[in-house]
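S.K.: Build me a structure from this.
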Amino acid sequence: MTPSEYNQVFQKRTKAFALLVIKLSDDLPKRTASFVISKQLIRAATSVAANYRASCISRSDKERFAKLCIVIEETDEAMFWLEMLQESGLVQSAFLNAPLQEASELLKVFMAYRSSLGAHLSSIKHDT
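M.R.: As a prediction, this is how the structure comes out:
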């Protein structure tokens, strides 16, 4: 897979993840706790998609690395809010399986990407 194809795949996946979270949030019970968690969850999930997209058009590897770090933080935060919904009992666990699974997979991929990009940046520093 070329870097361009990789970017396209993960731009689509992160956007689909954000849309999945938005749809899930619309189905939450109308309670104060649900509203607060939903707001945080939507913010984190949409940030994953927006920052990954921004990383794809970064001007340098350092900028890409910085954006990728944000993507990882926001993916982890989205997982946290999904877990809060699950553990609080506000939503049946079955409804959270797909978004939790996708968040987990995205997190693993982005952490591996950050590692390889970090190694690449390190090797450049040592060459100069």
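S.K.: C-alpha only now, for contacts and for neighbours.
M.R.: Fine.
S.K.: Whichever strand or helix holds residue 107: which residues count as buried?
M.R.: Using DSSP states H and E, residue 107 maps to helix 93-127. Judged by neighbour count (16 or more other CA atoms under 10 Å), helix 93-127 contains these buried residues: 96, 99, 100, 102, 103, 106, 107, 110, 111, 114, 117.
S.K.: ditto for stretch 27-47
M.R.: 28, 34, 37, 38, 41, 42, 43, 44, 45, 46, 47.
S.K.: ok, now stretch 60-75?
M.R.: 64, 65, 67, 68, 69, 70, 71, 72, 73, 74, 75.
S.K.: Would you enumerate the residues in contact with residue 61?
M.R.: Residue 61 makes contact with 117, 121 under the criterion CA atoms under 8 Å, 6 or more residues apart in numbering.
S.K.: Who are the packing partners of the helix or strand containing residue 4?
M.R.: Element membership for residue 4 (DSSP H and E) is helix 3-26. When contacts are defined as 3 or more CA pairs under 8 Å, 6 or more residues apart in numbering; DSSP states H and E, helix 3-26 sits against helix 32-56, helix 93-127.
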